[in-house]
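**Student:** fold the following.
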Amino acid sequence: MVIGKGLVAGSFSSYEQQDRFLVFASGVSNSKSSTEADFRREEELLLKELAANPEKIFVYFSTTSVEDPDLQQTAYAQHKLQMERLISATAHEYTIFRLSNLAGKSANPNTILNYFYQHISQGIPFQLWQHSERNIIDAEDVFRIADQMLQQGLAKNGTINIANPESYPVAFIVAAIEAHCGRKGIYTIVSKGGPVKINTMAIAAVFEQLGIQFGEGYLNKLLNKYFGA
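**Tutor:** Modelled structure (predicted):
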């Protein structure tokens with residue numbers, strides 16, 4: 001059973017007929033401009049589904065932003081922490097996956113790659129946080145990792161980070177998109193941000209089992225895959 005219609009929900013479409021699991025992927029879509037009403041809607045739906053499906057393994061997607069110095073105090077990150085606490089206190093069995101920035105086929109203009117690609121390719125000015133880093137992972141890799149852990153019971157009643165072992169400086173991401181587009185972005189450099197450190201040791205063995213290789217070339221592979229070679 002899958003609740004939601006976005007990128008994560010689409011990645012987990014094969015779970016629609018799996019009665020053991022309730023995949024809750026109906027979260028807030030824009031972490032930057034969400035309102036209290038958005039958060040309340042998610043909480044109300046989450047509570048409704050928990051009450052209606054007490055026998056299912058509840059799968060929830062939180063965010064690694066809760067550990068990011070740039071973002072952990074935002075209303076979005078604090079809301080996600082509250083949902084994590086609610087689930088752990090209510091569900092009889094659950095798995096919470098904290099995700100970093102997803103790459104995938106999505107019309108959502110607020111994903112990091114969509115945002116920078118749109119601004120650079122269309123010549124729209126933006127700010128570049130000089131010291132900031134962002135962690136990017138393919139949504140299809142997220143599914144493969146999460147599916148492996150769920151099917152093998154590796155994350156029962158746990159909270160697991162699913163992320164790229166390497167975070168990229170925002171300037172590096174922008175430069176990669178500029179090279180991909182063959183066009184220079186129009187941006188103002190702002191002295192903000194800091195490094196992002198995400199612990200992925202809990203899933204290192206899963207990376208190896210699935211043959212998922214990060215490192216050099218991963219970002220360019222995503223750009224070619226989702227924005228045309």
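
**Student:** where does the chain dip in pLDDT?
**Tutor:** Low-confidence segments of the chain, defined by pLDDT under 70, are located at 29-34, 229.

**Student:** now do the strands in it.
**Tutor:** Counting by DSSP state E, the chain has these strands, from start to end: 2-3, 21-24, 57-63, 94-99, 101-103, 126-129, 133-134, 136-138, 158-162, 168-169, 187-190.

**Student:** got the CA positions of the last one in CSV?
**Tutor:** Right, the one you point to is strand 187-190. Extracted C-alpha coordinates of strand 187-190, given in CSV (Å, rounded to 0.1, in the frame of the first residue of the first chain):
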residue,chain,number,x,y,z
TYR,A,187,24.4,34.1,-9.7
THR,A,188,25.5,36.1,-6.7
ILE,A,189,28.0,34.4,-4.4
VAL,A,190,26.8,34.7,-0.7
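
**Student:** relative to it, what are the paired strands and their orientations?
**Tutor:** Using DSSP bridges, strand 187-190 pairs in its sheet with strand 126-129 (parallel).

**Student:** and what of the fourth one?
**Tutor:** When pairing is defined by DSSP bridges, strand 94-99 lines up against strand 57-63 (parallel), strand 158-162 (parallel).

**Student:** buried deepest among those strands, which one?
**Tutor:** Mean neighbour count (mean count of other CB atoms under 10 Å) peaks for strand 57-63 among the strands paired with strand 94-99, with a mean of 23. C-beta coordinates here come from the backbone N, C-alpha and C atoms, glycine included.
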